[in-house]
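Chemist: Sequence first, predicted model second:
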Amino acid sequence: MNNVSRRKFITTGLAVAAGASGIAAAAKIAQHHGLIPPDAGVLYGPGETLTYAAQRLLTRHSMAREFPRSEVSTNPFANPVDSLGDEFNRLQAAGFVDWRLTVDGMVARPATLSLAEIRSFPTSTHVTMIGCEEGWTYIAEWTGVPLSYILDRAGALPQARYVVYRSIQSDWWESIDMADALHPQTLLAHRMNGNALPVPFGGPMRLRLPRQLGYKNVKYLNQLTLTDNLKAFGKGLGGSDPDYGYAWYAGI
Amino acid sequence: MNATLPISARPADHSSSAKPFSSVTARRRHSALVRVTHWLTAVAFLALLLSGGEILLSHPRFYWGETGNVNMRPWLNLHVPSSRRAVPTGYGYVLPDQNGWSRYLHFEAAWLAVGTALLYGLFGVFSGHFRRHLVPTSSELSLKELGTTLLRHLRFERPGNEEAWSYNVLQRLSYLLVIFVLFPLMIWTGLAMSMGFTSAFPLSVRLLGGQQTARSLHFLVTMLLVLFLLIHVLMVFVAGFRNRMRAMITGRAIPPAE
């Protein structure tokens, strides 16, 4: 997959094909396919596709609402989690110095990054609301590395269409399209309200995606995989929550 | 009033009608579009109510403003069992998590409701349905007329001949309220809870006073719609269940016995 000559061949082939069939038509098809969620084939797929397509058309570049620092919740809530496992406990006891984030899949330069490296990257901060699909909300100040920075650094291949991201909890993984992955508010958040991200809120690092619900904001983040197809992951619906019966797109 | 209605006397449909109707003449009551959109709305509303109620069980508390969670004081705690162990309810058990299909169904039914509403709205404007059948005349809006109609409702009197072919003033006002105020409020407060939607239209939630206020209003307007549904169904029974159902299904009704 990282073979440059093969990529060149595919790119050239795609360019020739696009030129032959007309760039406009190719763009139209790409656009069309960018509006179909991976769980479009489930029982409630039609409604889900309408929601995802409508929101993608309306919100591709829109910014999640930001709040003044004074509106940060004094009493945020985190859903309790069962034990995070021996490996997590060992990493936590050592102050997460051995925590690693793997970046692989459709990237030119796969990487394994330490928490210290990630903390040394440029950061972005926003005061945004996190909302759970259950109905509750709180506002916090989140600081972290824009996901787009990590993707640039790793050399995301142009054919990548989704970022699959995983928690150290083996049963929690999700994916987003490139519109969300490259969105400036999408962060690998490692600080909350000016302090290191507390463990109950996903520390040492969680994906912060303020335009989507809590279950897409995966805690204890340790792997990013770029792909052009979600079929090979789980049941092919794009996440552990979709596999469990939840919608893949959680902007509503 | 009758003169403005599309009245075409037609013989009853003998092949499908029940015996009491077979010897009487049925007349046109509801247009096909009104009947189809009525039942589509009924299906969508029941699906929204069922799935919405199920979603509510995962956090049966309400707050004002932008934020609210179990660490904060709700203005309303429903004291029902919850599907989440993080919500203290006082019950010794936690209901199974059903939010996956509930949320899928809720939004699919919402699309059906909105699509139906657009169809009905266009029809209502261009066919004159709103103007002729829903907007009350000035004489109907007099206090005397309103009082008389209200009294007849409170006594559960069966409607007279004229009302069998048109809506009375209380019906008109309540239908207008549901169609032009409560339904749009449901869609608005629903979308104002969507962080994707509010990223593009932040005013939609700011004007309401916050995300949790939108959620609270979504619930309160639901209660009003449920109240409307109960009275609506009760009135169908008072007015004559078989004939009213027949009118909304086949489009024709039997004139009341003189």
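Modeler: Arrived safely. Numbering: from 1, shown residues only, chains lettered A, B, ... in the order given.

Chemist: Could you tell me which residues of the stretch 51-200 of chain B lie near chain A?
Modeler: B:55-56, B:58-59, B:66-72, B:84-86, B:99-101, B:103-105, B:107-111, B:193-200 (Cβ under 8 Å from any Cβ of the partner chain). All C-beta spots, glycine's among them, are computed from the backbone N, C-alpha and C.

Chemist: State the number of residues packed around residue 52.
Modeler: Just so you know, I chose chain A. For A:Tyr52, the count of nearby residues is 24 (other Cβ atoms under 10 Å in any protein chain shown).

Chemist: switch to chain B, that's the one I care about
Modeler: By other Cβ under 10 Å, the residues close to B:Gly52 number 20.

Chemist: follow-up on the earlier one: now intersect the residues of the stretch 51-200 of chain B next to chain A with the helices, please.
Modeler: Per DSSP state H, helices hold the following members of those: B:55-56, B:99-101, B:103-105, B:107-111, B:195-200.

Chemist: Poorly predicted segments of chain A, please.
Modeler: In the predicted model of chain A, residues A:1-9, A:11-16, A:21-33 satisfy pLDDT under 70.

Chemist: and whichever residue of the stretch 151-252 of chain A sits closest to chain B, how many neighbours does it have?
Modeler: At 2.6 Å from chain B, A:Gly251 is the closest residue in the stretch 151-252 of chain A, using Cβ to the nearest Cβ. By the criterion of other Cβ under 10 Å, A:Gly251 has 24 neighbours.

Chemist: Apart from its neighbours in sequence, what residue is nearest it?
Modeler: B:Gly196 (2.6 Å; Cβ to Cβ, 6 or more residues apart in numbering or on different chains).

Chemist: show me the contacts for the one you found.
Modeler: Listed by Cβ atoms under 8 Å, 6 or more residues apart in numbering or on different chains, the contact partners of B:Gly196 are A:55, A:58-59, A:211-212, A:251-252.

Chemist: of these, closest to A:Leu221?
Modeler: A:Leu221 lies nearest to A:Gln212 out of these, by Cβ to Cβ, at 14.9 Å.

Chemist: sec struct for that closest one, please.
Modeler: coil (DSSP: H, G, I helix; E, B strand; the rest coil).

Chemist: Surely it and A:Tyr246 touch.
Modeler: No: the pair A:Gln212 / A:Tyr246 is not scored as a contact, 11.7 Å apart, by Cβ atoms under 8 Å.

Chemist: Now do the strands in the stretch 151-258 of chain B.
Modeler: With DSSP state E, counting those that start in this stretch as the criterion, the stretch 151-258 of chain B has strands at B:252-253.

Chemist: Residue of it closest to chain A, please.
Modeler: Closest point on the stretch 151-258 of chain B to chain A, by Cβ to the nearest Cβ, is B:Gly196, at 2.6 Å.

Chemist: how about the helices in the stretch 151-258 of chain B?
Modeler: B:169-177, B:183-191, B:195-200, B:203-206, B:211-250 (DSSP state H, counting those that start in this stretch).

Chemist: Buried ones from the contacts of B:Gly196, can you make that a PyMOL selection?
Modeler: To isolate the buried members of those in PyMOL, using 16 or more other Cβ atoms under 10 Å in any protein chain shown:
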select buried, chain A and resi 55+59+211+212+251+252
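
Chemist: now, which of the contacts of B:Gly196 lie within helices?
Modeler: Counting by DSSP H, the part of these found in helices is A:55, A:58-59.

Chemist: Could you list which of those also contact chain B?
Modeler: Contacts with chain B within the ones in helices among the contacts of B:Gly196, counted by Cβ under 8 Å from any Cβ: A:55, A:58-59.

Chemist: what about the residue of chain B most remote from its centre, which SS state?
Modeler: In chain B, counting by Cα atoms, centre = their mean, B:Gly92 sits farthest out from the average C-alpha position, at 35.6 Å. Counting by three-state DSSP, the backbone at B:Gly92 sits in coil.

Chemist: Now it. Its backbone dihedrals?
Modeler: Phi and psi for B:Gly92, reported as degrees, to the nearest 10, are phi -90, psi 10.
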